[in-house]
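[1] after the sequence you'll find the predicted model.
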Amino acid sequence: MKAKQEGQIQGLLLNRHSPIITNAVFADDTLLFGRASRHEASKLKEIISSYTEATGQRVNFLKSSIYFSKKTPVVLRQLNSLVFNFWWGRKDKEKKLQLISWKDATNRKDKGGMGFKDFKLFNLASSPFLQKAKLLGLEKPSERKKYVEGRHQHNVGDGRDTLIWYDPWVPHVQDFKVQRPSHCPLDINHGFDLIDHDNLQWKNELVVHYLKKRFGAYSVRSGYRFLLDKANQSIIHSPSNSLSIPQHIWKKLWNLPLQPKIKVFVWKALLNALPVKGNLAHRGIPINSTCPICNEETKSIEHIMFWCSHARATWFSSCCNYKPDAIGFNSFTQWWIAITQAFSIDDDSLCLIAIVCWIIRKQRNMAVF
C-alpha cells in the first residue's frame, strides 16, 4: 500500500472507473501486479524481501511464475535478446556473426536445439487460461477448417449445427471426435454452447474442463512444450545438405559424459554453424578461401575436420587410428550419424571421437589466429 501511495508501483487498472489493484490474495496464492519495468520489478522483489524478514516466511520461487500481458511484447523480445546476446558473446550494441537462428536455438535439445527459453511462448503458457482452447488446436470458431490431412471435417461456424460429441471437429484427435465425459451436463451438446458469441471466441474454461480428459492435465511445462513444438514443426536440418538428423542422435550426443563445450561444438558442426570460410563467404563476407595450413581450397567443415593435412595427421596419430576416406563421404552430419549408430552402445569411443574433432578445431584456431 505504501509503495502504491508513493507511486513506486502502478498496479493494475481493470477499467477507467475501477480502483487500482496491486495484489490479490487467495487461499494459498498471492498475485502481485505491476508494470513491466526494471524499477517496479526491483521494488516488488524488495517488498517480498521485507515481508520475509518481518514474518519469517519464505517465498518458494521455484513454484512462482511471472506473467506479462499481451501488450508487453517489447519486454519479452528484450528478454529473448538478452539471452541470445549472452550466448553469442555480444556486449552493448556490439555485432557478431549469428550462424544459428533464435527459433532453432529455442528448440528442444532432443530435436536439434539448445533448449533456450522463449519468453514469449512461456508467457503465453503461463497465462491464467492461457488461451488453452488455442493450445488444443482450436482456432476461432469461424476459422475451423473443413478438411484436415485430406479427411472430411465438420465446419463449426456458429456452433448451432455442430454436435460436439458426434461430429468430427477437434484436431489432433483420432477421427476428430471426442467422447462425452460422465461429468458433463446433458444440456451441453452443441458447439454453440462452447462459444462466447459476444467476442467470437471459445469459452476457454469450458473447453478445457470438458476436454481435459482427452488431453491430460495441463501444466505450464506441458503448455510450453506444446507451443514450442507447434512453432518448430519442421525438423532442423543441416544447411549444407538438408539431411534430417534423427531424434535419437541428438539424445545420444547430449547424454555423452563430455564437457559441455565439446558437445556444443559437435552440435554446431552438425548444424553447419561453425564460422568456417565457406559459411562466411555464403553470408557475403569477402574472405580468401585458401586453407592457411595446407594451401588448398577450403569451403567446408569437412575440409577442416577430415581433408586438411593437419586433420589427417591428427586422426591417424590419435587412439582412433582413423584414415578419412572421401569415397562415399557426403558430410560431417552424415558421418556423425553413421559413427553414432556404429558405436551406439560404446559411449567411450564416441567421446574419444568427439574429443578428437574438438582438438582438431582448437589446434587449427591456435595455428591460424
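    Here it is on my side, so go on. Numbers count the residues shown, from 1 in each chain.
[2] where does the stretch 251-369 of the chain dip in pLDDT?
    By pLDDT under 70, the stretch 251-369 of the chain contains no weakly predicted segment.
[3] do the same with the stretch 101-250 of the chain
    For the stretch 101-250 of the chain, the stretches with pLDDT under 70 are 127-158, 170-174, 199-202, 204-205, 208-219, 233-243.
[4] ok, which stretches of it are strands?
    In the stretch 101-250 of the chain, the segments counted as strands under DSSP state E, counting those that start in this stretch are 147-148, 151-152, 195-196, 201-202.
[5] could you pull out the helices in the stretch 201-350 of the chain for me?
    Applying DSSP state H, counting those that start in this stretch to the stretch 201-350 of the chain gives helices spanning 204-215, 220-231, 247-255, 260-270, 277-282, 301-302, 309-317, 332-342, 347-368.
[6] buried deepest among those, which one?
    Highest mean neighbour count among these (mean count of other C-beta atoms under 10 Å): helix 301-302, with a mean of 24. C-beta coordinates here come from the backbone N, C-alpha and C atoms, glycine included.
[7] what's next to it, contact-wise?
    240, 269, 272, 274, 276, 278, 329, 331-332 (C-beta atoms under 8 Å, 6 or more residues apart in numbering).
[8] with respect to residue 78, which of those residues is nearest?
    residue 274 (28.5 Å; C-beta to C-beta).
[9] what sits against the closest one?
    If you count contacts by C-beta under 8 Å, 6+ apart, then residue 274 has 99, 268, 301, 304, 361 around it.
[10] tabulate those residues (CSV), appending distance to residue 34.
    Shown next, in CSV, are the contacts of residue 274 (distance: C-beta to C-beta, whole Å):
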residue, distance to residue 34
99, 38
268, 39
301, 48
304, 51
361, 47
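[11] quick check, nearest of those to residue 17?
    Looking across these and measuring by C-beta to C-beta, the closest to residue 17 is residue 99, at 53.1 Å.
[12] the closest one: how many residues sit nearby?
    If you count neighbours by other C-beta atoms under 10 Å, residue 99 ends up with 18.
[13] wait, it touches residue 273, no?
    Yes: Residue 99 lies in contact with residue 273 (C-beta atoms under 8 Å); the separation is 4.0 Å.
[14] now for these two: what residues contact both?
    residue 279.
[15] the helix or strand in which residue 43 is found: which residues count as buried?
    Assigned by DSSP states H and E, residue 43 belongs to helix 38-55. Judged by neighbour count using 16 or more other C-beta atoms under 10 Å, the buried positions of helix 38-55 are 40, 43-44, 47-48.
[16] pLDDT and distance to residue 262 for these - can I get that in CSV?
    Below are the buried residues of helix 38-55 laid out as CSV (pLDDT from 0 to 100; distance: C-beta to C-beta, whole Å):
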residue, pLDDT, distance to residue 262
40, 81, 42
43, 84, 43
44, 85, 41
47, 86, 44
48, 87, 40
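[17] what's the closest of these to residue 348?
    Distances from residue 348 to the buried residues of helix 38-55, taken by C-beta to C-beta, are shortest for residue 48, at 48.3 Å.
[18] quick check: the closest one vs residue 306, distance?
    Using C-beta to C-beta, to the nearest Å, we find residue 48 at a distance of 56 Å from residue 306.
[19] now do residue 76
    For residue 76, the distance to residue 306 - C-beta to C-beta - is 42 Å.
[20] test my guess that residue 47 contacts residue 3.
    Yes: between residue 47 and residue 3 there is a contact under C-beta under 8 Å: 6.3 Å.
[21] from residue 325, how far off is the nearest residue to residue 293 once chain neighbours are set aside?
    Nearest residue to residue 293, sequence neighbours excluded (C-beta to C-beta, 6 or more residues apart in numbering): residue 310, at 5.1 Å. According to C-beta to C-beta, residue 310 stands 17 Å off from residue 325.
[22] please apply the same query to residue 341.
    According to C-beta to C-beta, residue 341 and residue 325 sit 18 Å apart.
[23] also residue 291?
    Distance check for residue 291 against residue 325: by C-beta to C-beta, it reads 19 Å.
[24] now do the contacts for the residue nearest to residue 293.
    So residue 310 contacts 293-294, 360, 363-364, 367 (C-beta under 8 Å, 6+ apart).
[25] what's the closest of the residues you listed to residue 113?
    Among the contacts of residue 310, residue 360 lies closest to residue 113 (C-beta to C-beta), at 25.2 Å.
[26] right, and that closest one touches residue 311 too?
    Yes: contact criterion C-beta under 8 Å: residue 360 and residue 311 qualify, at 5.2 Å.
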